[in-house]
Every structure is written in C-alpha cells, then in structure tokens.
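1. Fold the following.
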Amino acid sequence: MSTAIHPVHMMSQTESSSRKQPDWGSFYQNGYPKEVIVISSDEEDEGEGVDGTQENLKSANVGPQGMLHAQDPRITSTLSNSSGKKRLLFSDNSSLGTTTSAGSSRTSTYYNSDYHYSSTELPDRNKKRRKHHHKSPSYTSPTKPVVKPKDIAVGVIPDKTALPSHQYDDQDGHYVVTANSEFAGRYQISKLLGQGTFGKVVAAYDKVAKKHCAIKIIRAVQKYRDASRIELRVLSTLAKYDKQNSYRCIHLRDCFDYRNHICIVTDLLGISIYDFMKANGFHPFPGNHVQAFARQLFKSVSFLHDLSLVHTDLKPENILLTDSSFDPKPYTPTRTARRSSNSTTAPATKIRNVLRNTEVHLIDFGSAIFNDEYHSSVVSTRHYRAPEIILGTGWSYPCDVWSIGCILIEFCTGEALFQTHDNLEHLALMEKIIGHKIDLDYAKYAASRSQGANFIDRKTGRVLYPNSSVKESSQKYVKSVQTLAQLIKQIPGYKQNKVFWDQFLDLLKQIFQYDPKNRITAKQALKHPWFDYAAKE
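-> Below is the predicted model of the structure:
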C-alpha cells in the first residue's frame, strides 16, 4: 500500500492575547470594523486554495501501484477570481452570540451546530419514514463539557550541532529536507511529502516509538509560527474529546520547536481519496462506497461541530484512506458527461479499481476555527464553497455541510460539481445545477449586504447573471451543465437502484439549501432514510 499524508495547512489568523472573554459591547461601542487584518501573505489564485497553498499539492501525488494518473477534470472558467478580503463573522447590524465562562466555547445566536429542524420536527415526508431510522448510523455527542484550550506548550529541542541557520533553511525560511537525515535527535526523515505556504510535510521514522509518522515543519517566519499555535489548539481539542479516535480526525502525536521551526507530528496515513480518484481515471465510486464515505464524513463533522469547530476546507484532498488496496472490476459508465449531450452511442464497459476498505480519516485542520473566533471573509476551496461565503452573509457550521454535498456528488460522477473560479458564475451554476433560484427572502437579505450587492439585484433579488461583462463562453458553459436530478439519473446502475439514488437526491436537496439556516445539519443528515438502503452492485 502506498502511504502518504497531506500537509496540514494552518489558519491565516492570529490568536487573541487575552485569556478572558472581552466585553464586546464596550469594545465595539463605536461600531464594528469594516475589515479585520489577519496574517496572510497570499491572495487566492486559480491554482491555489484559500490558505495560499498550491491546489496541486496532493499526497505527494502518489497512487496505487500500476494505476495511470488522469488529468484533473476540475476545469477553470474564463472569468477571474474575486478579492480575498477578510472580515468578521458578524456584520454591521448583526449581534454577537451569547457568551459563557472564560475559556469555554461560544457560538453565535444565528448559527448553532444543530440549528436546522430537529429530528422530532422533520418535514411530514420524513416523519412517514421514521420507522426506518433504527438502521441509520448512530452518532453520540461528547459527554464532557467542551472547553477551548489555551496555548499549547511547545518545548524547545536544542540543536546539538549548532549549525548556522543558512545551512538548514532556504531564503524563505523553509527547512531544507534531506532524505535519510536525522531530525531533532529522535526522527529520521524518509522523504518530502509536500510543501505549502506554511511549511513542509515529511515522512519520518520515530526511533523512540518505533513507528512511521508525518511531521509538518513550519517555516521559520514569526507569522507562520504564530498561526501554527491555532492549529495546535484545534488538534489538541480533537484528541482530548476523542481519545480512541472514533471519529477519525487526524490526531496530534507530538509538537516541538527545533531550529526555530515549530513541528507538528501526526500519524502517517494512506493516500487521499482525490489521489485514488486521479489514479483511477476519475471513475466514479460504487454507490455503497459513496454511502460509506458519507456516513463517516457526517460523523466526523458532527463531532467537530459539537466541539464548536468549523473545518472550512473539506474536499477530497483532505480525506485520507486507511487502505488503498483495490480489486479491478468492470462497470458501465454514464452515457453522457456533466455537460448536455445528444449522443446516442451506448457507453462501453470499462474497468475501475474498487477499494477493499472504505475507512477514511479527515485531515487538514490548519484552516479550522472555533466558531466564536474571528472568521475571514473567504474560506473553503472554490469548488466546495457555500453560497453564504460568496454572498458575505456570514458563515458557520453549515458551510461544512455544503462542502460535503459537493464532495459526495463528485464521488458519483468523478468531476467537481461547481467548476468555476468566478463568484458570479459560481452563483449562476448553483441555480442551474440545483434547479431553482436563490430563495427570494435570502437573496434580498444578501443584496442588502455590501458583498452580496455585487451579485444580487436589490429590487428583484435575482442573481445579476449574465451581465455585460460576462463572456459568451461562460454563458454557454452555464447553460450546458446538467441539473442534480439529471446527474443522479446518469449514475451507473441508477435504474437498478432507483430508490437508493432517489433518496440520495433527496438528501442532496436538503444539503444544497442556499440559506444556511435551512440547511440540514451533519447530525440530521445521519438520520436521513438514504442510510437505510443499500445499492445492488
């Protein structure tokens, strides 16, 4: 089995120096700031994630042996990116959430990790199905009260060689990785796994624990050192409330400061689902595998949300397989691609590699935040970004659920659902693919915001697409894409598993709610009837 791990990117935010909850009313007595300055040296680019790391920085780009890599089908549009300015979660006329005692978690009054209708208040159509729910995957919330950690102590490991920094750092403060070299007196570096804005990730062997591990070596630049401490707080929270790692989020094993580099040690896991898909020619996963992935993702994210954490960067690259071994099996692909086609040629049977083990782990908590702390205006990698982020209406837990919906349909088709790098085109794609316009009340609310007014007409509440600046190629592209309902019917084996896939479509409809207040939560998604059915492969 090939083993690799993605680098865990950190937030571009600085940590509050105060140990006590501030008096927000007094602090903002003169009004809320128009902008919050955060530590970040990178703007979002078509080839980069929102944290400035390269989009093509995968798990060392390795795949199961003997599998050919296919071109990434996540295309770019003809339009340019939007600005990546930062702001707070709350706005000029919104209120801060209620606070609890110092050091504990605080959520906004607008968002709650289970804000969507409760299981006892499901719509009538779901009440009729409740008899099936005993089969649904269970989730148990943490029993202990959740308390946010303070700064994590990072011990300094002396450098016995006393070498000058230019002999082990490059001019940008990145550690120069040498294969088979000793590191911090305890580890032997095996190879470089990846490099991003915040540092490098290496595979190493722990000579004390006698096991392989991954080490994220933060750049020797103060702003990145500061940012890494936020990630350490998140990782320590995950480990504290899930000691057995039942919810399969990457765990912190050790951290230390060596040669002015903060180092974060985690387990060395398998390749990402994205890398498996790429090596597998982007063939779709079998339905039961999609369901197994969904069950695990909703459980992991339910756990995060109960800890008052928002991941903000869920995507196939950040979901790692425990075991990437597979068996080649024949299947009949869809008749058409994502775009509309008049072809009547029957698709030929192909071979796809089917995983033997669908267990996954969630990684990359470098962009995760506690819900009561500062929110940057732009989060999530473009293809998985929720509408509230684009419209600037304030984001929280629901943005993770939207990302999961995008991921799941990508598992079914092999292609990203929203293939664009432009905000206006993104909104137009949402309306075309989801199959209806943005809810009028929510659209008008978004239009009242300074950011949303760029995309929504204040009077009509309609997306300002197309306009005079939109290229004809963009209009043709938006017109050509298929709706969710059409995509589902194109999934291999749809006719043999119609009920299974129709239930999946129903879940997606509850996920792809424009207004985050109306979006199903991760915990409620686990109770959806789709999990009561199995696909016949």
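2. just the CA coordinates of the host helix or strand of Ser236, formatted as PDB?
-> In the assignment (DSSP states H and E), Ser236 maps to helix 222-240. Taking Å, rounded to 0.1, in the frame of the first residue of the first chain, the C-alpha atoms of helix 222-240 are listed here in PDB:
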ATOM      1  CA  GLN A 222       7.200  34.500  13.000                       C
ATOM      2  CA  LYS A 223       3.700  35.000  11.500                       C
ATOM      3  CA  TYR A 224       3.600  31.300  10.500                       C
ATOM      4  CA  ARG A 225       4.900  30.200  13.900                       C
ATOM      5  CA  ASP A 226       2.100  32.200  15.500                       C
ATOM      6  CA  ALA A 227      -0.500  30.800  13.100                       C
ATOM      7  CA  SER A 228       0.600  27.200  13.900                       C
ATOM      8  CA  ARG A 229      -0.400  27.600  17.500                       C
ATOM      9  CA  ILE A 230      -4.100  27.900  16.400                       C
ATOM     10  CA  GLU A 231      -3.800  24.600  14.600                       C
ATOM     11  CA  LEU A 232      -2.300  23.100  17.700                       C
ATOM     12  CA  ARG A 233      -5.200  24.200  19.800                       C
ATOM     13  CA  VAL A 234      -7.600  22.600  17.300                       C
ATOM     14  CA  LEU A 235      -5.700  19.300  17.100                       C
ATOM     15  CA  SER A 236      -5.400  19.100  20.900                       C
ATOM     16  CA  THR A 237      -9.200  19.600  21.300                       C
ATOM     17  CA  LEU A 238      -9.800  16.800  18.800                       C
ATOM     18  CA  ALA A 239      -7.600  14.400  20.800                       C
ATOM     19  CA  LYS A 240      -9.000  15.500  24.200                       C
END
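3. how about it: buried residues?
-> If you call a residue buried by 16 or more other C-beta atoms under 10 Å, then helix 222-240 has these buried ones: 224-238. Where C-beta positions appear, they are placed from N, C-alpha and C, glycine not excepted.
4. now the angle between helix 222-240 and the next helix or strand after that helix, please.
-> The helix or strand immediately downstream of helix 222-240 is strand 252-258, counting by DSSP H and E. Counting by axes from the mean of the first three to the mean of the last three C-alpha atoms, to 10 degrees, strand 252-258 lies at 150 degrees to helix 222-240.
5. Strand 252-258 packs against which elements?
-> The contact analysis (3 or more C-beta pairs under 8 Å, 6 or more residues apart in numbering; DSSP states H and E) places strand 252-258 against strand 155-157, helix 222-240, strand 261-267.
6. Just put these in a markdown table and tack on distance to Val360 and mean pLDDT.
-> Listed next are these as a markdown table, based on distance: least, C-beta to C-beta, whole Å; pLDDT from 0 to 100:
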| stretch | distance to Val360 | mean pLDDT |
| --- | --- | --- |
| strand 155-157 | 32 | 97 |
| helix 222-240 | 15 | 94 |
| strand 261-267 | 13 | 97 |
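7. I'd like these written out as JSON lines, with distance to Gly194 added.
-> JSON lines is the format used below for these (distance: least, C-beta to C-beta, whole Å):
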{"stretch": "strand 155-157", "distance to Gly194": "23"}
{"stretch": "helix 222-240", "distance to Gly194": "16"}
{"stretch": "strand 261-267", "distance to Gly194": "13"}
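8. that older thread, return the member of the buried residues of helix 222-240 nearest to His436.
-> The closest of the buried residues of helix 222-240 to His436 turns out to be Val234 (C-beta to C-beta; 36.2 Å).
9. Confirm Phe285 sits in a strand?
-> No - Phe285 is assigned coil when assessed by DSSP: H, G, I helix; E, B strand; the rest coil, not a strand.
10. Give me the pLDDT value at it.
-> Looking at Phe285, its pLDDT is 97.
11. What separation is there between it and Thr483?
-> Applying C-beta to C-beta, to the nearest Å, the value for Phe285 to Thr483 is 21 Å.
12. if we can go back for a sec, which elements pack onto the helix holding Ser236?
-> Here helix 222-240 touches strand 211-218, strand 252-258, strand 261-267, strand 309-310, strand 369-370, going by 3+ C-beta pairs under 8 Å, 6+ apart.
13. related to what we said a few turns ago, who's more crowded, Phe285 and Thr483?
-> Higher neighbour count among Phe285 and Thr483: Phe285, with 24 against 13, using other C-beta atoms under 10 Å.
14. Could you find the closest non-adjacent residue to that one?
-> Ranked by C-beta to C-beta, 6 or more residues apart in numbering and with sequence neighbours excluded, the top spatial neighbour of Phe285 is Phe411, at 4.7 Å.
15. Need the three-state assignment for that neighbour.
-> The local conformation at Phe411, judged by three-state DSSP, is helix.
16. Contacts only, for it.
-> Residues near Phe411 by C-beta atoms under 8 Å, 6 or more residues apart in numbering: 273, 277, 284-285, 289-290, 293, 316.
17. As a check, name the ranges of all strands in the protein.
-> Ranges of strands in the chain, per DSSP state E, are 155-157, 182-183, 187-196, 199-206, 211-218, 252-258, 261-267, 309-310, 319-321, 326-331, 350-355, 360-362, 369-370.
18. Pipe those strands into TSV and attach mean neighbour count and distance to Ile491 per row.
-> Below are the strands of the chain laid out as TSV (neighbours: other C-beta atoms under 10 Å; distance: least, C-beta to C-beta, whole Å):
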stretch	mean neighbour count	distance to Ile491
strand 155-157	12	51
strand 182-183	18	47
strand 187-196	20	32
strand 199-206	23	35
strand 211-218	22	35
strand 252-258	19	38
strand 261-267	23	34
strand 309-310	26	30
strand 319-321	27	20
strand 326-331	12	11
strand 350-355	18	13
strand 360-362	22	21
strand 369-370	21	35
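19. In CSV: these, plus distance to Asp515.
-> Shown next, in CSV, are these (distance: least, C-beta to C-beta, whole Å):
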stretch, distance to Asp515
strand 155-157, 47
strand 182-183, 49
strand 187-196, 34
strand 199-206, 38
strand 211-218, 37
strand 252-258, 36
strand 261-267, 36
strand 309-310, 17
strand 319-321, 27
strand 326-331, 37
strand 350-355, 36
strand 360-362, 26
strand 369-370, 22
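20. Mind checking the ones you listed for the one nearest to Gly394?
-> strand 309-310 (11.9 Å).
21. Report the rounded mean pLDDT for that closest one.
-> For strand 309-310, the mean per-residue pLDDT is 98.
22. And that strand, what does it pack against?
-> Under the contact criterion of 3+ C-beta pairs under 8 Å, 6+ apart, strand 309-310 touches helix 222-240, strand 369-370.
23. what's next to that strand, contact-wise?
-> By C-beta under 8 Å, 6+ apart, strand 309-310 touches 234, 237-238, 304, 365, 368-371, 395-397, 399-400.
24. hmm, 10 Å instead?
-> 89, 105, 111, 113, 146, 148, 233-234, 237-238, 249, 301, 303-304, 365, 367-371, 373, 375, 379, 395-400 (C-beta atoms under 10 Å, 6 or more residues apart in numbering).
25. Can you list the low-confidence ranges for this protein?
-> Counting by pLDDT under 70, the chain shows low-confidence ranges at 1-137, 334-346.
26. How about the contacts made by the residue sitting nearest the centre point of it?
-> Nearest to the mean C-alpha position of the chain, by C-alpha atoms, centre = their mean, lies Leu314 at 1.0 Å. Applying C-beta under 10 Å, 6+ apart to Leu314 gives the contacts 297, 300-301, 304, 362, 364, 367, 380-381, 384, 399-404, 406-407.
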